[in-house]
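In: Pasting the sequence and the predicted coordinates here, then a few questions.
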Amino acid sequence: MPRHHFQANLQDLTQRLGWIYIGAIALWFGLRLVFFDQFWWLALLNTIAFYLFVPVVLLLPLGIGLRRRGLLLGLALPIAIFVGLFGPLFLPSGAAPASALQPSFKVMSFNLLWSNENYDQIAQSIRAAAPDIVGFQEVRPPNIAALTAALPDYPYSVFHQSDHYHTVGLVSRLPIVASKQFPDPPFKRGLQSVIDLEGTPLTVIVAHLAPNNMPLFPLGEFVRQTQERYTRRAAEVDLLKQAVQTRDRPTVILCDCNMTDTSQTHAELRSVLTDSFQQAGWGWGHTLRVGSVPWPLQRVDYVWHTADLRSVSARVGDRAGSDHYPVVTTLRPLKS
């Protein structure tokens, strides 16, 4: 009897919690479809959307083991939403096959972590990936000389001149023809350069969008800081869109965007650019580690490009002591 009583209680608890969860997911997704990131709390939920589906991992085997057919049917809703949001990352790559007869170039977006001064390890990671152009985030201005000295194969460099604690910049094997900084506000860290790609001008933008460091502030400031971060990031994305829409040459954006691919700002950029990892990568593509968790938890680092370029390959590289993994993409210009 006690065992039967326990099973009955477990069935009842699983049923109740399961349907509460299904209802919550349906409510979130409905609000997302209508409002997207218009409210700070909904924007937060959209940012962590990947982890809203963790309860399915517990409820699905319980529903099967306890033979809760109704619950299993209900769980089809969050499963379908999850597959719709993240399933394309596991479909066969849409990348164009590489060909030695077709010119290509390789780029890397790499948030170094401001406190990471192991430039030998950083240089080793970059050499292993062999990019032609590297966009950096979180470079401390006093350390720029040490970073560039560790990369003798990249004779051209430019960095955002800033009095902020860390900044952005790029190094290149190809000549840098011109460079300018994005206006502050809204950009605290943004740099636009023109690179000579064997006679063809290429615009390369290196950006570090508003951070998600709200938990570092006192609890009473959390809401205000969250609203400020999402508002600033939206303004930064609007400026990037304007830069792309008024361009006169192929453009690449190397970005620690501090947004996930379930955020509205990602959808805004995707309306005018291609997310190289979505086009040519495979898997989750997570790039950000948090605390002592031994694996990356979110995809916040990107290589974006305009439609006159095509991704040949895209992957996550070696983090070299950073809390971010770099994104490495091979791109090929399309014939006009």
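Out: Perfect, thanks for sending it.

In: Show me where the stretch 1-150 of the chain dips below the pLDDT cut-off.
Out: Confidence mapping of the stretch 1-150 of the chain against pLDDT under 70 gives the ranges 1, 3, 94-101.

In: who touches stretch 298-305?
Out: 47-48, 50, 107-109, 111, 250-261, 269, 273-277, 284-288, 311, 314, 324-329, 331 (CB atoms under 8 Å, 6 or more residues apart in numbering). Yep, even glycine has a C-beta here, placed from its N, CA and C like the rest.

In: Tell me the secondary structure at Leu269.
Out: helix (DSSP: H, G, I helix; E, B strand; the rest coil).

In: mind listing what's buried in the longest helix along the chain?
Out: In the chain, taking DSSP state H as the definition, the longest helix is helix 2-35. Under the neighbour-count criterion of 16 or more other CB atoms under 10 Å, helix 2-35 has 11, 14-15, 18-19, 21-22, 25, 28-29, 31-32 buried.

In: Can you tell me which of those is nearest Phe159?
Out: Proximity of the buried residues of helix 2-35 to Phe159 (CB to CB) peaks at Arg32, which lies at 38.0 Å.

In: Spatially, which residue comes closest to that closest one, not counting chain neighbours?
Out: Asn46 (6.0 Å; CB to CB, 6 or more residues apart in numbering).

In: Using the record's assignment, carve this structure into domains.
Out: Per the record, the chain has its domains at 1-90, 105-333, by the TED database.

In: just those: most buried one?
Out: For those, the largest average neighbour count (mean count of other CB atoms under 10 Å) is found in domain 105-333, namely a mean of 19.

In: Please enumerate the helices of the protein.
Out: Under DSSP H, the chain gives helices at 2-35, 40-47, 54-65, 69-86, 119-129, 144-149, 222-245, 264-270, 276-280.

In: picking up where we left off before, starting at the chain centroid, how far to the longest helix of the chain?
Out: Centroid separation for helix 2-35 versus its chain: 31 Å, with CA atoms, centre = their mean, to the nearest Å.

In: so what does that helix touch, helix or strand wise?
Out: Under the contact criterion of 3 or more CB pairs under 8 Å, 6 or more residues apart in numbering; DSSP states H and E, helix 2-35 touches helix 40-47, helix 54-65, helix 69-86.

In: Of the ones you listed, which is nearest Pro103?
Out: Short answer: helix 69-86, nearest of these by CB to CB, at 33.3 Å.

In: Please work out which residues outside that closest one touch it.
Out: 14-15, 18-19, 21-22, 25-26, 29, 49-50, 53, 56, 59-60, 63-64, 262, 284.
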